[in-house]
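Trainee: heads up, no residue letters with this:
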C-alpha cells in the first residue's frame, strides 16, 4: 500500500480506484446496527432495480444530506480530505445510497449490477464532467461469494463508453465489455467490514448476484468536485452546489461510536429528509435509477 499521500493520489489516477483497509473499522458498527434495527422498514421502502437477468437489486437513495449517522460518515474529515486530495478540488456530496444484497434470507432481492460506469447515468441527467468519486464503505465482509464490487483497473482512462438497455437491465453491451476486460482485466474488491473502496465515476465496475446466505451491505457516497457542479437550473436541482462541503471533526463520528458502545446512542436514518428529496425528484421528473425506480417512499 502506498505510504505517502502523493503515492496514494498517483495510484488512484493510474488505476482509477483505491482500496483503504480498516478505514472505518470501528465506526462501521454503527452502520451494521442501522441496517439490523431498520431491516423491516428498509425492505418496505427501498427502491428496486432490475439487472439484465431480471433479478431485483435493493437500493435506498437520498442519503447523507440529513441529520443522521450516514451524514456523519459522509462529512467526516478523514474521508472528505482524502477525496479532496484525489480530485484536487473542493467537493460536495452528490448523492448517497445504500445497496443491500440480502442473500438467501430474501432471495427475491439478491440481484447484481451489470457492468457500467456511474457517470453514464449522471451524464443523462446533465452532469457532464468527470471529476467524481464514489466511495464504497463495506458494512459486511464483501467477497465473490456474496457479490462484491468488481473493477476493471485503468478502464477510467477510456472515457465514457456505450451504455444501453440489456434485457430488463442497463449497462455496457457484452461485446464492448469483453473488449474492456481483455484490455484491463477484472479484479474483485475483497473487503472486510469497515474497508473503503474509492473509485472514479468513469471506472467500469459491476457486481454479481448474492447467492450466499450472508448479507452484503455497502454504503455508497458519491462526491463531486465543486467546479464540476452543473449550472443552476441544469439537470436535477440536487446536483447543483455553490459551496464546498465543510468537513466535520473526526471526533464527532468517534463520539457517536463511543456513545453507541455504552448503549447511549441508537443509529437512525433521517427518513424525513430521504422522503423529501425523493418527492423533489419525482416533482422534477427525474429518473434516478438505471431502469426506473419505484416511488415507494411517497406511496
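Mentor: Cool, got the structure. Here the structure is a predicted model, which means the values were calculated and not measured.

Trainee: Now do the nearest residue to residue 139 once chain neighbours are set aside, the pLDDT please.
Mentor: Leaving aside its sequence neighbours, residue 139 sits nearest to residue 217 (CB to CB, 6 or more residues apart in numbering; 4.0 Å). Where you see a C-beta, it was placed from the backbone N, CA and C, and this is true even at glycine. Model confidence at residue 217, expressed as pLDDT, equals 96.

Trainee: Name the strands paired with the helix or strand where residue 217 lies and say parallel or antiparallel.
Mentor: Residue 217 is located in strand 216-225, with elements delineated by DSSP states H and E. Here strand 216-225 has these sheet partners by DSSP bridges: strand 91-101 (antiparallel), strand 132-138 (antiparallel).

Trainee: Please tell me how far it is from the chain's geometric centre.
Mentor: 3 Å (CA atoms, centre = their mean, to the nearest Å).

Trainee: any idea how far the helix or strand following it is from the chain center?
Mentor: Going down the chain from strand 216-225, the next helix or strand is helix 250-261, by DSSP H and E. Its chain's C-alpha centre and that of helix 250-261 lie 23 Å apart, by CA atoms, centre = their mean.

Trainee: show me the contacts for the nearest residue to residue 268 once chain neighbours are set aside.
Mentor: Residue nearest to residue 268 in three dimensions, not counting chain neighbours: residue 68, with 5.8 Å by CB to CB, 6+ apart. Taking CB atoms under 8 Å, 6 or more residues apart in numbering, we find residue 68 in contact with 267, 268, 269, 270, 273.

Trainee: any idea how far residue 68 lies from residue 271?
Mentor: 9 Å (CB to CB, to the nearest Å).

Trainee: Would you mind measuring from residue 45 to residue 268?
Mentor: Taken as CB to CB, the span from residue 45 to residue 268 is 14 Å.

Trainee: I meant residue 64, not that one.
Mentor: Applying CB to CB to residue 64 and residue 268 gives a distance of 14 Å.

Trainee: Show the average pLDDT along stretch 156-176.
Mentor: On average, stretch 156-176 scores 89.

Trainee: do the same with stretch 28-38
Mentor: Stretch 28-38 comes out at a mean pLDDT of 97.

Trainee: Also stretch 81-91?
Mentor: Averaging pLDDT residue by residue across stretch 81-91 gives 97.

Trainee: Adjust the sequence numbering to begin at 43 for everything that follows.
Mentor: Happy to do that; since the first residue is 43 now, the last one works out to stretch 123-133.

Trainee: neighbouring contacts of that stretch?
Mentor: 47, 50-51, 54-55, 60, 62, 122, 173, 175, 177, 240, 265-270, 286-287, 289.

Trainee: Can you turn the buried part of the residues you listed into a PyMOL selection?
Mentor: In PyMOL, a selection of the buried entries from the contacts of stretch 123-133 looks like this (16 or more other CB atoms under 10 Å):
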select buried, resi 50+51+54+60+62+122+173+175+177+240+265+266+267+268+270+287+289
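
Trainee: tell me the centre residue of this protein?
Mentor: residue 262 (2.1 Å; CA atoms, centre = their mean).

Trainee: ok, it touching residue 140?
Mentor: Yes - taking CB atoms under 8 Å as the definition, residue 262 is a contact partner of residue 140 at 7.5 Å.

Trainee: Can you list the low-confidence ranges for this structure?
Mentor: Applying pLDDT under 70 to the chain flags residues 43-45, 329-341.

Trainee: Could I get the full set of strands for it?
Mentor: Along the chain, the segments classed as strands by DSSP state E run 59-62, 89-92, 98-103, 133-143, 155-158, 174-180, 191-193, 206-208, 211-213, 229-230, 238-242, 247-249, 258-267.

Trainee: Compile the ones you listed into a markdown table and extend it with columns for distance to residue 165.
Mentor: Formatted as a markdown table, the strands of the chain follow (distance: least, CB to CB, whole Å):
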| stretch | distance to residue 165 |
| --- | --- |
| strand 59-62 | 20 |
| strand 89-92 | 18 |
| strand 98-103 | 18 |
| strand 133-143 | 13 |
| strand 155-158 | 12 |
| strand 174-180 | 11 |
| strand 191-193 | 20 |
| strand 206-208 | 14 |
| strand 211-213 | 13 |
| strand 229-230 | 25 |
| strand 238-242 | 14 |
| strand 247-249 | 16 |
| strand 258-267 | 13 |
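
Trainee: so which of those gets nearest residue 300?
Mentor: strand 174-180 (19.4 Å; CB to CB).

Trainee: Run the angle between that closest one and strand 238-242 for me.
Mentor: Using axes from the mean of the first three to the mean of the last three CA atoms, to 10 degrees, the inter-axis angle of strand 174-180 relative to strand 238-242 is 160 degrees.
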